[in-house]
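Student: sequence first, then the predicted structure:
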Amino acid sequence: MTTSDAPVTYGASTHGLRGDYAGMRPDYTVEQDYSKYREPDQDRWRRLYARQMRLVPGRACPEFLRVVDTLGYEAGIPRFGEVNERLRRATGWEVVAVPGLLPEHVFFTHLAHRRFPVTVWLREEHEFDYIVEPDVFHDFFGHVPLLFDPVFADYMQAYGRGGQKAEGLHALEYLARLYWYTVEFGLVRTDGGLRIYGAGILSSPSEVTHALSSPLPHRIGFDLKRVMRTRYKIDTFQQTYFVIEDFGQLFRETAPDFTPLYAEIAGQEPYPADTVLPQDPLYLPVED
Ligand code: HBI
Ligand code: FE
């Protein structure tokens with residue numbers, strides 16, 4: 001892969017890409033070679049799954065909890081074909097196997113066609129608690145269950161289309177922040193209190209409680225422009241989470257053409273990740 005083609009993360013650290021990009025197709029997809037997973041990998045997957053499943057009840061949003069235990073994840077690393085049979089029927093989405101992080105334009109094109117790229121490799125034992133890049137556990141556990149929700153599924157496709165358009169407008173950085181603070185680290189208000197829908201939180205053992213209950217981070221009512229102006233860190237717990245009312249809000253607020261919005265924020269300083277503005281609606285931490 002050439003440097004100009006490498007995916008950009010707009011956060012704090014940069015490092016080499018992991019994964020085997022040698023034999024992939026032009027759209028960066030690969031076959032899932034299921035025989036490559038050894039018993040220690042399967043065992044590690046099952047332990048990751050069991051640990052996370054103890055944490056998510058009462059903390060993850062209902063749309064996630066409804067689906068996560070119906071996908072056969074307890075048995076071991078999922079087979080793409082089996083998940084796809086159910087996912088296609090539910091929302092017309094499918095998962096495609098990829099070597100790892102993708103260049104933005106490739107990633108957006110998949111999303112715009114209702115294909116979610118899932119990394120094929122599993123983290124190693126020494127990364128059990130924490131990994132910066134997406135692996136097969138983060139992608140299947142964190143992202144895939146919400147693709148079964150029709151409204152969230154439509155938001156993801158709209159995001160992909162917006163991404164394709166943003167590239168020509170030099171606005172990728174703003175869209176990356178939107179993805180980060182919604183799809184990866186979003187919180188949602190429910191009648192039962194704050195819940196998690198962000199995949200980066202749902203697939204992390206320690207961030208699940210941090211996101212909801214730590215007194216340290218700010219929990220701020222979602223505002224599109226505010227989100228697009230807020231920097232983020234990729235290698236620490238988040239200092240700010242944005243809270244949506246429901247997936248419908250996400251879809252509605254991101255439906256309009258962003259072109260004038262990009263033009264407006266292009267001339268404005270971004271906010272550091274830990275900023276609180278006087279007008280920010282703040283949510284209190286949830287008792288654990
Ligand atoms: N590639 N496989 C993969 N998974 C991601 O989440 C991902 C990516 N490439 C780019 C990317 N995310 C970010 O730049 C988002 O902001 C779009
Ligand atoms: Fe992710």
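Tutor: Structure's in. What do you need? Residues are numbered from 1 along each chain as shown. Ligands and ions are numbered 1, 2, ... in the order given.
Student: show me where the stretch 101-250 of the chain has helices.
Tutor: Taking DSSP state H, counting those that start in this stretch as the criterion, the stretch 101-250 of the chain carries its helices at 104-112, 136-137, 150-168, 172-179, 199-202, 205-213, 224-228, 247-253.
Student: now mean neighbour count, distance to ligand 2 and mean pLDDT too, for these, in JSON lines please.
Tutor: Glycine gets a C-beta too; all of them are placed from N, C-alpha and C. Formatted as JSON lines, these follow (neighbours: other CB atoms under 10 Å; distance: least, CB to the ion, whole Å; pLDDT from 0 to 100):
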{"stretch": "helix 104-112", "mean neighbour count": "19", "distance to ligand 2": "10", "mean pLDDT": "96"}
{"stretch": "helix 136-137", "mean neighbour count": "22", "distance to ligand 2": "11", "mean pLDDT": "98"}
{"stretch": "helix 150-168", "mean neighbour count": "18", "distance to ligand 2": "11", "mean pLDDT": "95"}
{"stretch": "helix 172-179", "mean neighbour count": "20", "distance to ligand 2": "9", "mean pLDDT": "95"}
{"stretch": "helix 199-202", "mean neighbour count": "24", "distance to ligand 2": "5", "mean pLDDT": "97"}
{"stretch": "helix 205-213", "mean neighbour count": "18", "distance to ligand 2": "13", "mean pLDDT": "96"}
{"stretch": "helix 224-228", "mean neighbour count": "19", "distance to ligand 2": "17", "mean pLDDT": "97"}
{"stretch": "helix 247-253", "mean neighbour count": "18", "distance to ligand 2": "16", "mean pLDDT": "94"}
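Student: so which of those helices is nearest P260?
Tutor: helix 224-228 (10.8 Å; CB to CB).
Student: and the closest one, what does it pack onto?
Tutor: In terms of contacts (3 or more CB pairs under 8 Å, 6 or more residues apart in numbering; DSSP states H and E), helix 224-228 is packed against helix 172-179, helix 259-266.
Student: return the set of buried residues in the last one.
Tutor: So the one you mean is helix 259-266. Neighbour-count burial for helix 259-266 flags 262, 265 (criterion: 16 or more other CB atoms under 10 Å).
Student: stretch 269-286 now?
Tutor: 270, 273, 275, 283, 286.
Student: from the chain's centre, how far out does it sit?
Tutor: Its chain's average C-alpha position is 21 Å from that of stretch 269-286, according to CA atoms, centre = their mean, to the nearest Å.
Student: pull the CA atoms of it into PDB?
Tutor: Provided in PDB are the C-alpha atoms of stretch 269-286 (Å, rounded to 0.1, in the frame of the first residue of the first chain):
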ATOM      1  CA  GLU A 269     -10.400  26.300  15.700                       C
ATOM      2  CA  PRO A 270     -11.200  22.700  16.800                       C
ATOM      3  CA  TYR A 271     -12.000  22.100  20.500                       C
ATOM      4  CA  PRO A 272      -9.500  20.000  22.500                       C
ATOM      5  CA  ALA A 273     -11.000  16.600  23.600                       C
ATOM      6  CA  ASP A 274     -11.700  17.700  27.200                       C
ATOM      7  CA  THR A 275     -13.500  21.000  26.500                       C
ATOM      8  CA  VAL A 276     -16.800  22.000  28.100                       C
ATOM      9  CA  LEU A 277     -18.600  25.000  26.700                       C
ATOM     10  CA  PRO A 278     -21.100  27.000  28.700                       C
ATOM     11  CA  GLN A 279     -23.900  25.900  26.500                       C
ATOM     12  CA  ASP A 280     -23.100  22.200  26.600                       C
ATOM     13  CA  PRO A 281     -26.000  20.100  28.100                       C
ATOM     14  CA  LEU A 282     -24.200  17.900  30.600                       C
ATOM     15  CA  TYR A 283     -25.300  14.400  31.800                       C
ATOM     16  CA  LEU A 284     -24.300  13.100  35.200                       C
ATOM     17  CA  PRO A 285     -22.400   9.800  35.600                       C
ATOM     18  CA  VAL A 286     -24.500   6.700  36.200                       C
END
